[in-house]
Structures are given as C-alpha cells and as structure tokens.
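> Quick one, what's the 3D model for this:
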Amino acid sequence: MMSATCLPNRTRAYIPRNKITAYLLSETHAVGKSKAKFFRSLGFDETNAGHLEQALLAIAQTEQVVESIPSPNGTKYVIDGFLETPRGVRVRVRTIWIIEPEQEEPRFITAYPIG
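Numbers count the residues shown, from 1 in each chain. Below is the predicted model:
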C-alpha cells in the first residue's frame, strides 16, 4: 500500500482552458459529451467554467494521490475529491493529472464521477 502523498508541484498544477470548454463541457466532443452531461447537470456551463477549473485545481492542491501510473508519456496521478457545484451539491470525482518528461507542472487530463 502506498503511503499518502501529494501531487508533486501541486501549486503549479494547471488546466488548459480548452480542456474545460471544449472537452468537459462539450456536448459534441466524442469522449467529453458524456462528461458534459454530468457536469452540466450540476450547473456547470460556459458562464462559470472558471468555477469548475478552480474546483478541479483545489482537488489537485489539497487531496492525496490515490495512484501514480508511470508511462513513457510521463507519470499520471489519480486524485479523488469533492467538487462544490453551482447547485450547492457536493459530488465525488476522480481527477487525472500528468507530469510529462522534462516538465514539472502537473497538467490536467480528465475528471469523472465516482461512487
């Protein structure tokens, strides 16, 4: 069992803006549209995309890494946490971050609900 660890360089974690608007909130993205249905049902949309971004960053910066997965593209980090939503509901989500070779900043990959 891995001891509790934080995301390396967690204060430098970032989310490319298009990951929120063109993926997590996109109702037409091939992979993202199922996630968009979930996030939009919680009150997230283009008008408050910054709120979703900050909430996801807060998970990366405050919660423990559940699993780290080394790969040729870098190390992926799985972090679970609670998302505060515009509807006032707290939902548990899994977030995935990657630190690519020669990089130090963790970059957001995806998020989805967990039970």
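
> Mind listing residues that contact the helix or strand of the chain at the bottom of the mean pLDDT ranking?
Ranked by mean pLDDT, DSSP states H and E, the helix or strand of the chain with the weakest confidence is helix 17-19, at a mean of 90. By C-beta atoms under 8 Å, 6 or more residues apart in numbering, the residues outside helix 17-19 that reach it are Ala49, Glu53, Phe108. C-beta: built from backbone N, CA, C; applies to glycine.

> Which residues in it does the neighbour count mark as buried?
Lys19 (16 or more other C-beta atoms under 10 Å).

> repeat for stretch 39-48
Within stretch 39-48, judged by 16+ other C-beta under 10 Å, the buried ones are Phe39, Leu42, Phe44.

> Quick one: end-to-end distance for it.
End-to-end distance for stretch 39-48, by C-alpha to C-alpha, to the nearest Å: 11 Å.

> mind checking how far that stretch is from the chain centre?
Relative to the chain's own centre, stretch 39-48 is displaced by 15 Å; criterion: C-alpha atoms, centre = their mean, to the nearest Å.

> again, but for stretch 37-48
With C-alpha atoms, centre = their mean, you get 14 Å for stretch 37-48.

> If you average the pLDDT over it, what comes out?
What stretch 37-48 shows for mean pLDDT is 96.

> Make residue 1 into 29 and carry on from there
Happy to do that; since the first residue is 29 now, the last one works out to stretch 65-76.

> for the chain, what are the low-confidence residue spans?
Low-confidence segments of the chain, defined by pLDDT under 70: 29-32.

> Of the contacts of helix 45-47, just say which sits nearest to Leu111.
Leu111 has its nearest neighbour among those in Glu81, at 11.3 Å by C-beta to C-beta.
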